[in-house]
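In: Following is a predicted model, sequence given first.
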Amino acid sequence: MTQLLVCLRFHCHECEEGIHLKVHCSGEGLKAGPRVVAAVQVACPACRTVNEVCFRPTGEVVVVLPAENPSRLPLPSLN
């Protein structure tokens, strides 16, 4: 199984607060290479709004959206 620690930097979609976090990624989907996209839900520490962050294993943030069904726990990516 492939594992990777990814550092993400992005701004909250609601309040524009800068957010920095590390995400532990694992699974067969990482074998697809740097073009694969994963997603995680993250609550903003400033306004508590839940952001859905789509990112690549390289740490590139593709898009930050409001979470449609925010959960209290991070959701695993589908990779």
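Out: Now that the structure is in, tell me what you want to look at.
In: which regions of the protein lie under the pLDDT threshold?
Out: Where the chain drops to pLDDT under 70, the residues are 1, 70-79.
In: Going along the chain, name the strands of it.
Out: Here the chain has its strands, by DSSP state E, at 3-11, 18-26, 38-43, 50-55, 61-66.
In: Of all those strands, which one comes closest to A32?
Out: strand 38-43 (10.4 Å; C-beta to C-beta). (C-beta placed from N, C-alpha, C; glycine too.)
In: Which neighbouring elements make contact with that closest one?
Out: Counting contacts by 3 or more C-beta pairs under 8 Å, 6 or more residues apart in numbering; DSSP states H and E, strand 38-43 packs against strand 18-26, strand 50-55.
In: what's next to the last one, contact-wise?
Out: The set of residues external to strand 50-55 that reach it, using C-beta atoms under 8 Å, 6 or more residues apart in numbering, is 6, 8, 10, 12-14, 19, 23, 37-44, 61-68, 70-71.
In: Kindly give a single ChimeraX line that selects the buried subset of those residues.
Out: Those of the contacts of strand 50-55 that count as buried under 16 or more other C-beta atoms under 10 Å are selected in ChimeraX with:
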select :6,8,10,12,13,19,23,37,38,39,40,41,42,43,44,64,67
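In: Can you name the residues bridging to L5?
Out: Bridge pairing for L5 (DSSP bridges) gives the partners H24.
In: count of residues packed around it?
Out: For L5, the count of nearby residues is 10 (other C-beta atoms under 10 Å).
In: So what's the residue count around R35?
Out: Neighbour tally, R35, other C-beta under 10 Å: 8.
In: any idea how far G29 is from it?
Out: In this structure, R35 and G29 are 11 Å apart, going by C-beta to C-beta, to the nearest Å.
In: Deepest-packed of the helices and strands packed on strand 38-43, please.
Out: Mean neighbour count (mean count of other C-beta atoms under 10 Å) peaks for strand 50-55 among the helices and strands packed on strand 38-43, with a mean of 19.
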